[in-house]
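Participant: Output the structure for:
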Amino acid sequence: MSVNDWVERLGGPDGLRRYRRSALASVAFFPVCEVGLWVLWATTTDAGASTLATVAVLGVVHAVIQTLLSRAALRHYLDAGPRPGRLVVLYAAVTAGISALGCVLLSTGRIDDRELASCLLWLLMFYSGPTVLALPPRAGAVLVAVVTIGSLAGAVAAGLDGSALAVVVSGTVLLVPFLGAAFRATGWGVRLVEELAAARETQARLAVAEERLRFGRDLHDVLGRNLAVVAFTSELAAQLARRGRPEAVEQMEEVQRIAQESQREIRSVVRGYRTADLHTELAGARSVLEAAGIDCRIEYGPAARLPSGVQTAIGWVVREATTNVLRHAQGASRCTVSLRTAGPAAALLVMENDGAAGTPPGTGTGLTGLRERLAVLGGTLTTAREPGGIFRLTAHIPWEDAE
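Facilitator: Residues are numbered from 1 along each chain as shown. Presented below is the predicted three-dimensional model:
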């Protein structure tokens with residue numbers, strides 16, 4: 001099961017808050033265990049009533065501070081609160097105080113080696129977790145090591161030896177790093193889930209933005225060329241009608257056909273299923289350019305051998321470049337479209353016209369959108385003016401990236 005599925009099973013949209021609450025509950029479980037161990041220790045120890053009362057009070061204080069520090073440390077680790085420095089100092093002081101008290105009780109004969117060993121073992125174990133989580137890894141490890149080594153040294157000085165000392169040392173070496181790592185892993189897990197949730201929200205926003213951009217580009221591509229053709233054709237029909245020429249009817253029928261085609265393409269844009277067929281776009285480019293009085297010559301020998309992704313991208317380029325010729329090329333009389341391979345795995349489309357006296361090359365949103373489309377495939381789009389009023393548009397698309 002993936003992390004996404006796991007988060008969803010925690011409660012759908014409320015999964016993040018549920019996971020954080022479960023993490024807080026898990027770190028709050030350790031103080032409860034510590035209180036239970038202190039109760040067990042008190043009921044199995046033959047020390048005096050005043051000694052047991054003192055140890056019980058300090059044990060409860062230690063567990064309460066652990067609870068507060070664990071929650072504050074987790075919030076700080078998640079960048080939701082300040083570093084609990086005072087609680088760290090207080091927790092270290094109380095831990096050291098209980099350890100010192102146990103050493104004094106051992107040295108005065110009020111508890112034995114076994115009772116001090118059990119006390120130190122869980123005291124140092126519980127101490128490590130919140131401290132490591134509240135401080136940077138290196139600082140937390142150093143502080144835990146200092147308190148642990150100091151407590152063990154005090155116990156040795158108080159007379160702890162033999163099997164009891166071996167149990168404390170071996171248990172401390174295993175359990176102190178383990179609990180510290182467990183607390184750190186808990187914080188890391190909550191942060192990971194929160195970052196995952198934030199990434200999913202960002203992904204959703206980007207998907208909406210990408211869909212809006214796709215819709216805007218497709219709508220521009222659909223209406224740009226077709227409206228330009230409608231404008232030219234209707235203007236020609238108006239001139240023919242003024243002269244009483246019957247060809248005006250044919251031109252208006254062409255306007256009607258283009259309008260109906262635009263309706264179908266807009267529906268495809270809305271559904272998101274629209275693609276640009278290369279052969280259709282090349283034929284359409286020749287048709288509309290010749291209808292506008294521009295001689296169009298097309299060379300597209302390798303078109304059928306190109307991958308579908310490359311053909312679609314080149315189709316968009318042909319459509320937008322044709323629209324630019326109709327809109328911006330002033331007095332253009334010819335247009336050349338040349339499609340050829342460039343190396344073993346790339347396609348090169350070059351479109352030239354002789355009407356470069358109009359709008360400067362590369363202006364408008366259409367070519368910008370094309371550059372973005374081709375950039376996704378690893379391709380490039382360049383424009384340039386050449387001597388003699390020639391405007392050249394060049395698209396280079398590697399088809400290995402377009403598969």
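
Participant: Assign Ala356 to helix, strand or coil.
Facilitator: Under DSSP: H, G, I helix; E, B strand; the rest coil, Ala356 falls in the coil class.

Participant: Could you pull up the residues touching the residue nearest to it when sequence neighbours are not counted?
Facilitator: Excluding the flanking residues, the one nearest Ala356 by CB to CB, 6 or more residues apart in numbering is Phe391, at 3.7 Å. To be clear about C-beta, it is placed using only N, CA and C from the backbone, and glycine gets the same treatment. Residues in contact with Phe391, defined by CB atoms under 8 Å, 6 or more residues apart in numbering, are Ala329, Glu352, Asn353, Asp354, Gly355, Ala356, Pro361, Thr383, Ala384, Arg385.

Participant: Could you tell me which of these belong to helices?
Facilitator: Among the contacts of Phe391, DSSP state H puts none in helices.

Participant: Using neighbour counts, trim those residues to the buried set.
Facilitator: Taking 16 or more other CB atoms under 10 Å as the criterion, what is buried in the contacts of Phe391 is Ala329, Glu352, Asn353, Asp354, Gly355, Ala356, Pro361, Thr383.

Participant: check contacts around the fourth one.
Facilitator: If I follow you right, that is Asp354. So Asp354 contacts Ala329, Ala332, Ser333, Arg334, Gly388, Gly389, Ile390, Phe391 (CB under 8 Å, 6+ apart).

Participant: and it, what pLDDT?
Facilitator: Reading off the confidence values, Asp354 has pLDDT 88.

Participant: that older thread, for the contacts of Asp354, which one is nearest Arg305?
Facilitator: For these, the residue nearest Arg305 by CB to CB is Arg334; the value is 27.2 Å.

Participant: who's in contact with the closest one?
Facilitator: With CB under 8 Å, 6+ apart, Arg334 has these contacts: Ile294, Asp295, Cys296, Arg297, Asn353, Asp354.

Participant: run the last query once more with 10 Å
Facilitator: Arg334 makes contact with Leu289, Ile294, Asp295, Cys296, Arg297, Glu352, Asn353, Asp354, Gly355, Ile390 under the criterion CB atoms under 10 Å, 6 or more residues apart in numbering.

Participant: do Pro398 as well
Facilitator: Val310, Ala342, Gly343, Pro344, Ala345, Ala346, Ala347, Leu377, Gly378, Gly379, Thr380.

Participant: ok, how many other residues are close to the fourth one?
Facilitator: Spelled out, it's Pro344. Pro344 is flanked by 8 other residues according to other CB atoms under 10 Å.

Participant: Quick check, pLDDT for it.
Facilitator: Value listed for Pro344 in the pLDDT field: 76.

Participant: Pretty sure it sits in a strand.
Facilitator: No - read with three-state DSSP, Pro344 is coil and lies in no strand.

Participant: follow-up on the earlier one: tell me the one of the contacts of Arg334 nearest Pro130?
Facilitator: Glu352 (72.6 Å).

Participant: from memory that closest one sits against Val337, does it?
Facilitator: Yes - counting by CB atoms under 10 Å, Val337 is a contact partner of Glu352 at 8.3 Å.

Participant: Mind listing what's buried along the helix or strand hosting Thr95?
Facilitator: Per DSSP states H and E, Thr95 falls inside helix 85-107. Using 16+ other CB under 10 Å as the test for burial, helix 85-107 gives 87-88, 91-92, 94-96, 98-99, 101-103, 105-107.

Participant: ok, which stretches of the stretch 151-300 of the chain are strands?
Facilitator: Using DSSP state E, counting those that start in this stretch, the strands of the stretch 151-300 of the chain run over residues 295-299.

Participant: Sketch out the low-pLDDT regions of it for me.
Facilitator: 204, 207-208, 210-211, 214-215, 218, 221-222, 225, 267-276 (pLDDT under 70).

Participant: shared neighbours of Glu352 and Val337, anything?
Facilitator: Shared contacts of Glu352 and Val337, counting by CB under 10 Å, 6+ apart, come down to Arg297, Ala321, Leu393.

Participant: ok, and the most crowded of these?
Facilitator: Going by other CB under 10 Å, Ala321 tops these with 28 neighbours.

Participant: quick one, what contacts that one?
Facilitator: Taking CB under 10 Å, 6+ apart as the test, what Ala321 contacts is 225, 281, 285, 335, 337, 349-353, 366-367, 370, 381, 383, 391, 393, 395.

Participant: got a pLDDT number for it?
Facilitator: 87.

Participant: Please determine how far it is located from Leu68.
Facilitator: Remark: distance between Ala321 and Leu68 (CB to CB, to the nearest Å) = 69 Å.

Participant: got it, and Leu160?
Facilitator: Leu160 sits 31 Å away from Leu68, going by CB to CB.

Participant: Who has more neighbours out of the two?
Facilitator: With neighbours defined as other CB under 10 Å, Leu160 and Leu68 compare such that Leu160 has more, 23 against 15.

Participant: Tell me how far the residue nearest the centre of the chain lies from Glu247.
Facilitator: In the chain, the residue lying closest to the centroid (CA atoms, centre = their mean) is Ala199, at 4.2 Å. Using CB to CB, one obtains 61 Å as the distance from Ala199 to Glu247.

Participant: cool, Ala72 as well?
Facilitator: From Ala72 to Glu247 the distance is 85 Å (CB to CB).

Participant: out of these two, which sits in the busier spot?
Facilitator: Per other CB under 10 Å, whichever of Ala72 and Glu247 has more neighbours is Ala72, with 22 against 12.

Participant: relative orientation of the helix or strand containing the more buried one and helix 85-107 in degrees?
Facilitator: Using DSSP H and E, the element containing Ala72 is helix 49-77. Per axes from the mean of the first three to the mean of the last three CA atoms, to 10 degrees, the angle that helix 49-77 makes with helix 85-107 is 150 degrees.

Participant: Test my guess that Val169 contacts Leu152.
Facilitator: Yes - in this structure, Val169 is within contact of Leu152 by CB under 10 Å, at 6.6 Å.

Participant: joint contacts of these two?
Facilitator: Common neighbours of Val169 and Leu152 (CB under 10 Å, 6+ apart) are Leu120, Leu160.

Participant: If we go by neighbour counts, what in stretch 287-304 is buried?
Facilitator: Val288, Leu289, Ala291, Ala292, Ile294, Cys296, Ile298, Tyr300, Ala303.
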